[in-house]
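**Q** Turn this into a structure:
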Amino acid sequence: QVQLQESGPGLVKPSQTLSLTCTVSGDSITTRYYYWSWIRQPPGKGLEWMGAIAYSGSTYYRPSLTSRTSISRDTSKNQFTLQLSSVTPEDTAVYYCARFEYGGSFDYWGKGTLVTVSS
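**A** Numbering: from 1, shown residues only. So this is what the prediction gives:
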């Protein structure tokens, strides 16, 4: 059974960098052909894919967020991390990490963590 768990601060001040970690159990983040993604849902809005890091270590970002987003990984801890810089209140959302199978769908999700951007 694959499990994902998000962790990080629930409150971030405007202009600072949001940093979240997803800890994976039940599978290795280097297993072919999975992509480990970050997805968010602002209050009252739909899901928004932010980016992913592939089993190979390659990264992919939503074009509108590329300049502010960085996804990295620590294979020794089986974790991957999201950093979103220069946050504003519009970045307030529930942030999810999820596994995506190439050619398939998102099959495992974390429970999500609410991050509020406020001074």
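
**Q** can you pull the contacts of the most centrally placed residue in the chain?
**A** Central residue of the chain (C-alpha atoms, centre = their mean): Trp38, 2.5 Å from the mean position. Going by C-beta atoms under 8 Å, 6 or more residues apart in numbering, Trp38 touches Leu20, Cys22, Trp49, Met50, Gly51, Ala52, Ile71, Leu82, Tyr95, Tyr96, Cys97, Ala98. In this view, the C-beta of every residue, glycine as well, is placed from N, C-alpha and C.

**Q** Strands along this structure, start to end?
**A** 3-7, 11-12, 18-25, 34-41, 48-54, 59-61, 69-74, 79-84, 93-101, 106-109, 113-117 (DSSP state E).

**Q** can you put those in a markdown table and add mean pLDDT?
**A** Below are the strands of the chain laid out as a markdown table (pLDDT from 0 to 100):
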| stretch | mean pLDDT |
| --- | --- |
| strand 3-7 | 98 |
| strand 11-12 | 98 |
| strand 18-25 | 98 |
| strand 34-41 | 98 |
| strand 48-54 | 97 |
| strand 59-61 | 98 |
| strand 69-74 | 98 |
| strand 79-84 | 98 |
| strand 93-101 | 97 |
| strand 106-109 | 95 |
| strand 113-117 | 98 |
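
**Q** if I look at the residue located most distally from the centre of the chain, how far off is Thr17?
**A** Distance from the centre of the chain peaks at Ser119, with 23.0 Å (C-alpha atoms, centre = their mean). Distance, Ser119 to Thr17, using C-beta to C-beta, to the nearest Å: 15 Å.

**Q** swap in Leu84?
**A** As defined by C-beta to C-beta, Leu84 lies at a distance of 7 Å from Thr17.

**Q** higher neighbour count, these two?
**A** More neighbours surround Leu84 than the other of Leu84 and Thr17, with 24 against 12 (other C-beta atoms under 10 Å).
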